[in-house]
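Peer 1: Sequence first, then the predicted structure:
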Amino acid sequence: MPSIGGIVIKLIGVKKVYVTGTVKTWGLRGVDLEVYKGEFISIMGPSGSGKTTLLNMVGLLDKPTEGKIIIDGRNAAELASKELAYLRNRKIGFVFQSFNLINRYTVLENIELPLMVRGVPRKIRIEKAKKALLMAGGDLSWLPKRPIQLSGGQQQRVAIARALAGEPEIILADEPTGNLDRASSRAVIETFVRLNKQGQTIVMVTHDPEVANCTEKIYLLRDGRIIGVKDPDFGKCILRTVPPTTKR
Amino acid sequence: MLITDVLRLASKALSEKKTRAILTIIGIMIGPMALVMINGVVSGYSNYILQQIKGLGENLIVITPKENFKLGNDDLNYIKSLPGVADAAPFYSTQGEVRVGTKKKTVFIYAVSYSFLFKAIPSLKIGEGSIPADSDISKCIIGHDIAYTSMGTRAYSIGDVITIKIYRVKSGGKLEIKHVSFLVEGILKKYGGAAFLNPDQTIFISMEAAKRIIGISQWTGILILAKSPTLVNNITETLKQSYGGNIDIVSFLAIAQITSSITGAINFMTFAASLAAFAVAIAGVAATMITSVIERTKEIGVMKALGFTDGQVLMLIIAEGIVMSLIGGVIGVSLGIVGAYMLASRGMVIHAGTTSILIKANPAISPEFMGLTMIMTIMIGVAGSIFPAYRAAKIPPAVALRYE
């Protein structure tokens, strides 16, 4: 088990309301959440339960209508967009369901992006990008390729490498296996488990129990509220189960 | 962010949609191309004309009597006494025909004191032979293009006799044809210029020769040499007051000033017309960039998630506009230079009475003007992309990421 440290990010009574004309839609109805350093947690819930909204809050991509998001000892809800961008760049690494790689850039350039923001010289960036790609289980021969030349599973590893390149405190993954086949999903989760063992804090949103059971703690989300915390059943983790078609 | 990264990402974004970028660049380059081309040609001719005038003498004023008015010795003495006048001399001019090689050629005949002529027009130089004495009525100085045919072969040498066929309108409207002959004493060096005075096709004789051999009694006008160009306008004013409408006054300085103001006006109009092209280009860049930004909304969301600030997104989009305008500017200015030389090589024909003169002048395109045009073109890129860039920068990241 990796060592659990202090709180990386803390949500206190976070509410989010989307207003379209006169119609109010609740995204979150009051969420309290503490993410500790070194944790690997998953947030599960049906679609529309507010998973992505919650992840956007944790990732400082959106501001709450009410409540506090404490990161680095400061309330992110009160920070200017420039400071939020700085925190996203230094503290957070994103992995999206649809990879969100930029196809006109090479794999290397995609991984370099968070470092470009900081003005890191190219030589150092390339070294860090290579290291990140290897950590994400990727292959260095991918570097000059375009993301579109890679398979879905390979693209997701590149996306994980991009998230790792900036050496963030926390990785936020939004349905990282949602667009992948079973083999690729296993590979991605394997990578996350390995990274977590090396001390990486990971928060993952998923609706797949086989994926959620590989984490250390499962938060259940319904209608914008956390309705419970569940211990995972490692026996049902995708890394241990055998797909039905290959059962003898 | 490093500036090299900004330019690299901007160039990549443009190369992804090549056709769109190329069309936008074509739209951008029209303004600088037209500006450099037209301005270069107009300035070239303007410089040429001004140079000609400088060669003729900025200090020179020519007065010619109007119909029913005669200028005589009293006028000459009065003019010489005016403050600011260095010297003055009467002159006589007409046209004639000579044989140059196998061809007949129309030439100008100027009768004026030789010493005054070479003092007033310092750029006039004797190439062969010498300047005859004013009293030597049998001799003349001929222009380079009379001594040599257009093929470059010699038609007249020093000491040769040149016969001129002169047409004169006598009182009563009768046309008189007269053949007169002179000994060639001097041949002028090639002068080149042809805008106002065409020395290469002129025969210079003394006033005495004009009076006794051609038989003229009335001066065509008086040439006045001012002590300095700054005094030319004062002398012109005094002459206007003294003679009213009886004489025409031409000062080369005034022509230079008029030329400058005309070319200034033309250049201003060119600039104004180019501004329209520039405005269209701004709209073109804006349209391209807005489309590009909308297409890339999700990507902008990703970049923001990775930590790109609003300012960095703004910078990236504006850089795309700048890269396009830089390319458009360089191509536009280059084509403008090529176009200016092509236009100028056609030459410009000036019709003056029965003679027409073809003048050719190289375009005048200064590095400063090219620099200014480039700056204006780069401003197109900035102006056209600033609004789309601002829009892109202000999209909330969570909204941008949801965009499909």
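Peer 2: Thanks, I have it. In this text, all values refer to a predicted model and were calculated from it rather than measured experimentally.

Peer 1: thinking residue B:144 is in contact with residue B:186, fair?
Peer 2: No. Assessed by C-beta atoms under 8 Å, residue B:144 is found out of contact with residue B:186, at 11.1 Å. No exception for glycine: its C-beta is placed from N, CA and C like everyone else's.

Peer 1: Mind listing the shared neighbours of those two?
Peer 2: When contacts are counted by C-beta atoms under 8 Å, 6 or more residues apart in numbering or on different chains, residue B:144 and residue B:186 are jointly contacted by no residue.

Peer 1: for stretch A:210-230, what is the average pLDDT?
Peer 2: Averaged across stretch A:210-230, pLDDT comes to 93.

Peer 1: ok and the residue in chain A nearest chain B?
Peer 2: residue A:89 (2.3 Å; C-beta to the nearest C-beta).

Peer 1: and that residue, how many neighbours?
Peer 2: Other residues lying near residue A:89 total 22 when counted by other C-beta atoms under 10 Å in any protein chain shown.

Peer 1: Next: residue B:358.
Peer 2: Close neighbours of residue B:358, defined as other C-beta under 10 Å, add up to 10.

Peer 1: Which helix or strand lies directly C-terminal to the helix or strand in which residue B:86 is found?
Peer 2: Secondary structure from DSSP states H and E places residue B:86 in strand B:85-100. Counting by DSSP H and E, the next helix or strand C-terminal to strand B:85-100 is strand B:103-112.

Peer 1: Show me what counts as buried in the following helix or strand past that following strand.
Peer 2: Going down the chain from strand B:103-112, the next helix or strand is helix B:114-120, by DSSP H and E. Going by neighbour count (16 or more other C-beta atoms under 10 Å in any protein chain shown), the buried part of helix B:114-120 is B:114, B:116-120.

Peer 1: for helix B:114-120, packing partners?
Peer 2: Packed against helix B:114-120 by the contact rule (3 or more C-beta pairs under 8 Å, 6 or more residues apart in numbering or on different chains; DSSP states H and E) you find strand B:85-100, strand B:221-226.

Peer 1: Just tell me which of those ends up closest to residue A:127.
Peer 2: Nearest to residue A:127, of all those, is strand B:221-226, at 77.9 Å by C-beta to C-beta.

Peer 1: In its sheet, which strands sit next to the closest one, and in what direction?
Peer 2: Pairing partners of strand B:221-226, with direction, according to DSSP bridges: strand B:60-65 (antiparallel), strand B:85-100 (antiparallel).

Peer 1: next one: the first one to chain centre, how far?
Peer 2: Pointing back at strand B:60-65 there. 24 Å (C-alpha atoms, centre = their mean, to the nearest Å).

Peer 1: Check what contacts that strand and list those residues.
Peer 2: B:71, B:79, B:120-121, B:219-226, B:232, B:235-236, B:239, B:243, B:246-252.

Peer 1: separation between residue B:131 and residue A:215?
Peer 2: Distance, residue B:131 to residue A:215, by C-beta to C-beta, to the nearest Å: 109 Å.

Peer 1: Counting neighbours, go ahead and name the busier of those two.
Peer 2: residue A:215 (25 against 16).

Peer 1: With adjacent residues omitted, what lies nearest to the more buried one?
Peer 2: Computed as C-beta to C-beta, 6 or more residues apart in numbering or on different chains, the closest residue to residue A:215 that is not its neighbour in sequence is residue A:42, at 4.1 Å.

Peer 1: same thing with residue B:397?
Peer 2: residue B:304 (3.8 Å).

Peer 1: count of residues packed around the one you found?
Peer 2: Quick note: residue B:304 (other C-beta under 10 Å) scores 27 neighbours.

Peer 1: still on that earlier bit, so which of the strands paired with strand B:221-226 is the most surrounded?
Peer 2: For the strands paired with strand B:221-226, ranked by mean neighbour count under the definition mean count of other C-beta atoms under 10 Å in any protein chain shown, the leader is strand B:60-65 at a mean of 21.

Peer 1: and it, what's its mean pLDDT?
Peer 2: Strand B:60-65 comes out at a mean pLDDT of 89.

Peer 1: Give me the buried positions along the helix or strand following it.
Peer 2: Remark: after strand B:60-65, the chain's next helix or strand is helix B:73-81, criterion DSSP H and E. With burial defined by 16+ other C-beta under 10 Å, the residues of helix B:73-81 counted as buried are B:75-76, B:79.

Peer 1: what do you get for stretch B:274-287?
Peer 2: B:274, B:277-278, B:281-282, B:284-286.

Peer 1: For it, output the C-alpha coordinates as CSV.
Peer 2: Taking C-alpha atoms only, stretch B:274-287 is exported to CSV below (Å, rounded to 0.1, in the frame of the first residue of the first chain):
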residue,chain,number,x,y,z
SER,B,274,-4.6,50.4,-50.2
LEU,B,275,-6.3,51.1,-46.8
ALA,B,276,-9.5,49.6,-48.4
ALA,B,277,-7.5,46.5,-49.4
PHE,B,278,-6.1,46.4,-45.9
ALA,B,279,-9.6,46.7,-44.3
VAL,B,280,-10.8,43.8,-46.5
ALA,B,281,-7.8,41.8,-45.4
ILE,B,282,-8.6,42.4,-41.8
ALA,B,283,-12.1,41.1,-42.4
GLY,B,284,-10.6,38.1,-44.2
VAL,B,285,-8.3,37.3,-41.3
ALA,B,286,-11.1,37.7,-38.8
ALA,B,287,-13.4,35.4,-40.7
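
Peer 1: Just give me how far that stretch sits from the chain centre.
Peer 2: That offset, for stretch B:274-287, works out to 29 Å (C-alpha atoms, centre = their mean).

Peer 1: for stretch A:136-145, same thing?
Peer 2: On C-alpha atoms, centre = their mean, the centre of stretch A:136-145 falls 20 Å from the chain's centre.

Peer 1: Give me the contacts around that stretch.
Peer 2: A:106-108, A:129-130, A:133-134, A:150, A:154, A:157-158, A:160-161, A:164, A:187, A:190-191, A:194.

Peer 1: Quick check on those residues: which are buried?
Peer 2: Buried among these (16+ other C-beta under 10 Å): A:106-108, A:129-130, A:133, A:150, A:154, A:157-158, A:160-161, A:164, A:187, A:191.

Peer 1: near chain A, which residues of chain B?
Peer 2: Contact residues (C-beta under 8 Å from any C-beta of the partner chain) of chain B with chain A: B:1-2, B:4-5, B:9, B:12-13, B:15-16, B:298-299, B:302-312, B:396-398, B:401.

Peer 1: Okay then, goodbye and thanks.
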